[in-house]
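> What follows is a predicted protein model with its sequence.
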Amino acid sequence: MTDRPFNLTVLISGNGSNLQALIDACASGALPSTRITHVISNRKAAYGLQRAAHASIPTTYHNLVPYKKRYPEDTEKARSEYDADLASIILDTKEGGKQRPDLIICAGWMHIVTPSFLTPISRADIKIINLHPALPGEFAGAGAIERAWKAGKEDGLKKTGVMIHEVIAEVDAGEAIVTAEVEIREGESLEELEGRIHGVEHGLIVEGTRRTLEGLKK
Ligand SMILES: Nc1nc2c(c(=O)[nH]1)N[C@@H](CN(C=O)c1ccc(C(=O)N[C@@H](CCC(=O)O)C(=O)O)cc1)CN2
Ligand SMILES: NCC(=O)N[C@@H]1O[C@H](COP(=O)([O-])[O-])[C@@H](O)[C@H]1O
């Protein structure tokens, strides 16, 4: 086993506060001998791209629109081609300085990946993990926090949570690596719940990454 640092590729779609938590963790040593070598967004306006640039991390904006234009009648084909190219972007080390990742982290990556992405990445023996603001088996998919908040208001749900899980074809169904429960407080606003959940996320994404990398060492 070489002593080189672990390389992370982080996929984002928005603000990038979880990406920032990872950037800070690499800098502070909370993630020892680990560096983020590539940040990829599916949205051009994602502030996370600016966070990466500020940290001198190479970035890529991978846009789905040209694929939808190429296959206007075939959404499945468009997504499949997009996903295959996403895998190539991640695995391509020809461009100067690009490193193959040891781990891919979906940190607010709002795109469901298909086997066109999962298969080449699996063949390269690279694990993919995802941050999801819900507990295993609950509120899979987008809008999880709002759905939990509504369940609290309408059905008396007392808790929700956050998990870091392995990414498989079935959305948010991969094995949980680490979870944390978050109380739903009576009468609180959605924004208040979101704020508490985001705070938990920032710690859990670092812990989930640490545990996953620890497993790679053995
Ligand atoms: N195959 C998988 N892909 C992804 C997983 C996964 O477990 N398996 N996790 C997600 C992250 N995610 C929740 O954690 C999630 C993100 C996005 C969506 C979704 O419905 N996306 C829509 C587009 C929504 C939008 O653009 O706003 C879509 O892809 O059509 C569901 C779950 C990452 N991907
Ligand atoms: N299904 C995945 C999902 O909903 N992820 C959500 O995206 C946000 C990204 O925030 P960030 O861009 O500030 O890290 C996170 O808060 C997380 O709850």
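Perfect, thanks for sending it. Ligands and ions are numbered 1, 2, ... in the order given.

> what are the ranges of the strands in the chain?
In the chain, the strands defined using DSSP state E lie at 6-12, 34-41, 59-61, 103-106, 127-132, 159-166, 176-183.

> okay, those in TSV with mean pLDDT, distance to Ile112 and mean neighbour count next?
Where C-beta positions appear, they are placed from N, C-alpha and C, glycine not excepted. Formatted as TSV, those follow (pLDDT from 0 to 100; distance: least, C-beta to C-beta, whole Å; neighbours: other C-beta atoms under 10 Å):
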stretch	mean pLDDT	distance to Ile112	mean neighbour count
strand 6-12	98	12	25
strand 34-41	98	15	22
strand 59-61	97	19	16
strand 103-106	98	10	23
strand 127-132	98	11	22
strand 159-166	98	14	21
strand 176-183	98	19	16
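
> Columns distance to Lys153 on top of the ones you listed, output as JSON lines?
Formatted as JSON lines, these follow (distance: least, C-beta to C-beta, whole Å):
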{"stretch": "strand 6-12", "distance to Lys153": "30"}
{"stretch": "strand 34-41", "distance to Lys153": "33"}
{"stretch": "strand 59-61", "distance to Lys153": "37"}
{"stretch": "strand 103-106", "distance to Lys153": "29"}
{"stretch": "strand 127-132", "distance to Lys153": "21"}
{"stretch": "strand 159-166", "distance to Lys153": "12"}
{"stretch": "strand 176-183", "distance to Lys153": "14"}
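
> Ok, which of these comes nearest ligand 1?
Proximity to ligand 1 (C-beta to the nearest ligand atom) singles out strand 127-132 among those, at 3.7 Å.

> picking that back up, possible to save the strands of the chain as JSON lines with distance to ligand 1?
Putting these into JSON lines (distance: least, C-beta to the nearest ligand atom, whole Å) gives the following:
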{"stretch": "strand 6-12", "distance to ligand 1": "8"}
{"stretch": "strand 34-41", "distance to ligand 1": "12"}
{"stretch": "strand 59-61", "distance to ligand 1": "15"}
{"stretch": "strand 103-106", "distance to ligand 1": "5"}
{"stretch": "strand 127-132", "distance to ligand 1": "4"}
{"stretch": "strand 159-166", "distance to ligand 1": "7"}
{"stretch": "strand 176-183", "distance to ligand 1": "11"}
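
> can you list the residues of this structure near ligand 1?
When proximity is defined by C-beta under 6 Å from any ligand atom, the chain lies next to ligand 1 at 106, 109-113, 130, 132, 141-142, 167, 169, 171-172, 174.

> Looking at strand pairing, list the partners for the residue nearest the centre of the chain.
Computing the C-alpha centroid of the chain and ranking residues by C-alpha atoms, centre = their mean puts Cys106 first, at 1.3 Å. In this entry, Cys106 is beta-bridged to Leu11, Asn130, by DSSP bridges.

> Output the residue of the chain whose distance to ligand 2 is smallest.
Closest point on the chain to ligand 2, by C-beta to the nearest ligand atom, is Gly108, at 2.5 Å.

> check contacts around that residue.
Residues near Gly108 by C-beta atoms under 8 Å, 6 or more residues apart in numbering: Ile12, Ser13, Gly14, Asn15, Gly16, Ser17, Asn18, Leu19, Gly48, Leu131.

> same thing but 10 Å
10-19, 41, 46, 48, 130-131, 133, 201, 205 (C-beta atoms under 10 Å, 6 or more residues apart in numbering).

> pLDDT value on it, please?
Looking at Gly108, its pLDDT is 98.

> I appreciate the help and will end here.
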